[in-house]
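>>> Give me a 3D structure for the following:
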Amino acid sequence: MENKKDVRAAAVAISVFLIIVTAGCLFYLAAVQTRSQNNVACIYQNGKLIMSIPLDQVTEPYTVDVTGEGGRVNRIEVRPGSIGMLSADCPDHLCVKQGFIHSGAIPITCLPNGVVICLESSDGQDEPDAVTF
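Down below sits the predicted model:
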């Protein structure tokens, strides 16, 4: 008898835990999606802001070329809600391999050419670095 009560109590505790975790994840995803609609892409070269693009106002994809020292070029594609590095005159192309970003969690960085693309919230609220439950 006692064994069945222990099993039921454990099942209830696990069920409650899973419901809380699922609700937290859904809340976090909804918050991130809402904030990603208010993102402004900031393009820096050698630490100086050279361009700000409100991604929620972009209706058609387009490209921007950033020319640096020695004529090195980074080609950036801007899409509605996201931005990414299409090509770069750098040896490793890690910035291109990073793909497109739609949240401010990780910026795109091309160290050899000194280009950084980061997303910031236009409503003045930064996205969380991490979520704990």
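>>> Spatially central, which residue of the protein would that be?
Most central in the chain under Cα atoms, centre = their mean is Ser103, positioned 2.4 Å from the mean C-alpha point.
>>> Output the below-cut-off pLDDT ranges for this protein.
1-2, 16-18, 22-38, 122-133 (pLDDT under 70).
>>> What is the burial count for Ile108?
By other Cβ atoms under 10 Å, the residues close to Ile108 number 24. The way it works is simple: take the backbone N, C-alpha and C, and place the C-beta from them, glycine included.
>>> again, but for the one 3 residues further on
Leu111 sits with 11 neighbouring residues when counted by other Cβ under 10 Å.
>>> Disregarding residues adjacent in the polypeptide, which is nearest to it?
If the residues on either side of it in the chain are set aside, Leu111 comes closest to Cys90, at 7.8 Å by Cβ to Cβ, 6 or more residues apart in numbering.
>>> Show me what the helix or strand Ser52 falls within is packed up against.
Using DSSP states H and E, Ser52 sits in strand 48-54. Packing partners of strand 48-54 (3 or more Cβ pairs under 8 Å, 6 or more residues apart in numbering; DSSP states H and E): strand 39-45.
>>> can you list contacts of the strand it packs on?
49-56, 64, 66, 68, 76, 78, 81, 83, 102-104, 113-122 (Cβ atoms under 8 Å, 6 or more residues apart in numbering).
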